[in-house]
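Colleague: Take this sequence and fold it.
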Amino acid sequence: MDNGTTVVVIAIVASAIRLATPLIFASLGGVFSERSGVVNIALEGIMIMGAFFAVLFTHLTGNPWIGVLAAIIIGILTSLLLAVVSIHLRGNQVVAGVAINLLAVSLTAFLLEMVWNRSGSTPSVEKALTDNPFEFLEGIPVLGDLFSRFTPFVYFAFLMVGISYYVLFKTSFGLRIRAVGEHPRAADTVGINVYMTRYICVMISGALAGIAGASLSIGTISLFREGMTAGKGFIALAAMIFGKWHPVGALFACLFFGLADAIQIQAQSFGIPIAQEFLQMLPYVATILALAGVVGRSVAPKADGQPYEKDMG
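Modeller: Below is the predicted model:
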């Protein structure tokens with residue numbers, strides 16, 4: 001490849017990985033939640049909350065890491081709403097998730113007006129996490145340019161894939177999660193606390209989705225903008241299904257969707273004579289096609305979406 005082609009390829013790969021990063025966090029959250037038997041449609045709303053509060057606390061403290069911590073905490077608190085309705089009250093998990101998504105959109109719009117007296121977007125925060133934390137990697141021939149485009153969230157996302165795989169498939173806690181998601185009554189019979197396990201998994205899901213939101217705001221454009229998630233929470237759910245509820249499978253699915261998004265961005269920047277609206281459809285068309293190819297062949301945990309009621313007899 002000549003230098004020009006190499007630059008373009010690196011730009012597309014780097015963009016694909018960065019665009020996939022919030023999807024990776026959110027899809028891992030979906031894996032934990034659904035492996036325990038709770039459908040988390042609220043990933044989109046939790047990402048919105050995480051994105052907003054990450055910017056808010058970065059603005060208030062001047063420390064983006066406190067912003068990330070705030071995103072994690074608000075993600076957990078928001079997911080607890082879903083957990084209470086779905087697990088304790090045995091409500092419809094999909095309806096509860098949709099309600100949380102609507103609440104997140106309205107609440108962040110209200111707080112945006114209250115805090116900054118403006119609508120649409122916040123001002124840019126002075127400090128964010130948009131730079132490569134490992135500058136020494138930029139000295140690697142050819143690949144150095146690739147690493148220079150990564151943020152701390154990129155490295156953490158790949159680390160979380162490994163951690164999630166280890167927890168789910170190499171620990172006794174992971175075995176309990178999978179047992180609760182497949183056959184909660186049998187798990188209860190052998191002494192596993194089904195309710196507690198599901199609460200923990202939904203909270204883990206919320207924490208990861210909160211980080212996903214933070215990676216969109218202070219990890220990408222250093223501000224919060226209404227509508228910035230653009231359905232990424234739902235694409236993350238699609239990646240989870242495409243990846244067959246497995247952390248590594250979800251990773252590759254997210255990279256695929258990130259690549260589709262990167263291609264449409266690069267196509268626009270090169271002025272390819274195709275309608276911009278059509279190019280912007282590519283990630284969503286890719287999502288539909290991917291799901292169409294796996295529906296019927298991808299089997300969810302057997303108790304996924306089914307409230308559990310302990311047999312008191």
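
Colleague: Every contact and neighbour count from this point should use C-alpha atoms.
Modeller: Noted.

Colleague: Show me where the protein dips below the pLDDT cut-off.
Modeller: For the chain, the stretches with pLDDT under 70 are 1-4, 142, 268-274, 276, 279, 293-297, 312-313.

Colleague: ranges for the helices of it?
Modeller: For the chain, applying DSSP state H gives helices covering 3-35, 43-61, 64-83, 93-116, 143-147, 152-170, 172-182, 184-189, 194-216, 232-242, 247-269, 276-280, 282-294.

Colleague: Of those, which is nearest E126?
Modeller: Among the helices of the chain, the nearest to E126 by C-alpha to C-alpha is helix 43-61 (7.8 Å).

Colleague: in that closest one, what counts as buried?
Modeller: Neighbour-count burial for helix 43-61 flags 43-59 (criterion: 16 or more other C-alpha atoms under 10 Å).

Colleague: ditto for stretch 134-154
Modeller: 138, 145-151, 153-154.

Colleague: Would you mind telling me which of the helices of the chain is nearest D311?
Modeller: Among those, helix 184-189 sits nearest to D311 (C-alpha to C-alpha), with 8.4 Å.

Colleague: Can you name every helix or strand that that closest one contacts?
Modeller: Applying 3 or more C-alpha pairs under 8 Å, 6 or more residues apart in numbering; DSSP states H and E, we find helix 184-189 packed against helix 172-182, helix 194-216.

Colleague: Give me the contacts around that helix.
Modeller: 176, 179-180, 193-194, 303, 308, 310 (C-alpha atoms under 8 Å, 6 or more residues apart in numbering).

Colleague: swap the cut-off to 10 Å and go again
Modeller: 36-37, 176-181, 191-195, 302-303, 306-311 (C-alpha atoms under 10 Å, 6 or more residues apart in numbering).

Colleague: any idea how far A54 is from V105?
Modeller: 15 Å (C-alpha to C-alpha, to the nearest Å).

Colleague: now L168
Modeller: L168 is 28 Å from A54, by C-alpha to C-alpha.

Colleague: Can you add distance to L255 and give the helices and strands packed on helix 184-189 back as CSV?
Modeller: CSV is the format used below for these (distance: least, C-alpha to C-alpha, whole Å):
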stretch, distance to L255
helix 172-182, 25
helix 194-216, 15
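
Colleague: Looking at those, which is nearest to A290?
Modeller: helix 194-216 (21.9 Å).
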